[in-house]
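Chemist: Could you work out the structure for the sequence below:
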Amino acid sequence: MAQIERLSSYRALTLVLVVASIARTLVRELAEMDWTRVRLGGGYARIDGAVYSTYLVVIDEVAEAEEDDFLRIFSHHPVHSPEARRWLQQWVRPEEGAMQDVKELEGYDEMLQKLLDSLPVERQLAGLAPEERLAGLPPAHQLLALSDDALRGFTDEYLRSLPAEVQDAIRRRIGRPSR
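Modeler: Below is the predicted model:
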């Protein structure tokens with residue numbers, strides 16, 4: 001408020017709305033306000049009809065258009081570069097003496113999941129005990145974690161006792177046709 005006198009008019013103020021993606025709620029609210037979204041390309045848009053100059057930035061679209069892996073961290077797209085992954089790892093680690101625990105920030109779980117999804121499977125599973133790696137999977141699906149050599153030791157009779165999707169996956173991996 002202390003700087004409001006510096007503005008020549010309310011038109012001198014520009015607002016920017018940054019969203020991950022265009023949600024139905026945003027579309028509905030723009031319509032209710034009788035505002036119009038004018039696409040500028042590459043994930044940017046101008047909102048016409050508001051009192052202030054208003055622009056919209058859609059992170060999902062900008063991250064892809066500009067091939068910006070750091071911006072992808074905040075989008076619904078996977079992160080590819082090791083540099084962006086390292087940056088994300090630094091920020092999701094709780095730091096001693098931090099004013100707010102990063103784990104309490106909105107979107108923390110989604111960002112952490114994005115980091116995990118960007119890692120190779122071997123890194124995702126590193127440090128987990130075998131029972132932790134398979135936790136939550138039905139017993140028949142746990143068999144898919146075995147090596148192909150171990151799966152080749154199963155008899156056809158045993159394979160036929162498994163759910164069809166597990167049986168098919170095992171047969172494809174070991175090159176054994178159904179009988």
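
Chemist: Just the pLDDT at E165, thanks.
Modeler: With respect to pLDDT, E165 scores 87.

Chemist: what residues does whichever helix or strand it is part of touch?
Modeler: In the assignment (DSSP states H and E), E165 maps to helix 164-174. With contact meaning CB atoms under 8 Å, 6 or more residues apart in numbering, helix 164-174 is reached by 140-141, 143-144, 148, 151-152, 154, 159-160, 162, 176-178. Any C-beta I mention is one placed from the backbone N, CA and C, and that applies to glycine too.

Chemist: ok, which pair from these is furthest apart?
Modeler: The most widely separated members of those are H141 and P177, with 21.6 Å between them, by CB to CB.

Chemist: Compare the two and say which is more crowded by neighbours.
Modeler: H141 (15 against 7; other CB atoms under 10 Å).

Chemist: Could you measure from the more buried one over to L162?
Modeler: Distance from H141 to L162, counting by CB to CB, to the nearest Å: 9 Å.

Chemist: and L15, bridged to which residues?
Modeler: T54 (DSSP bridges).
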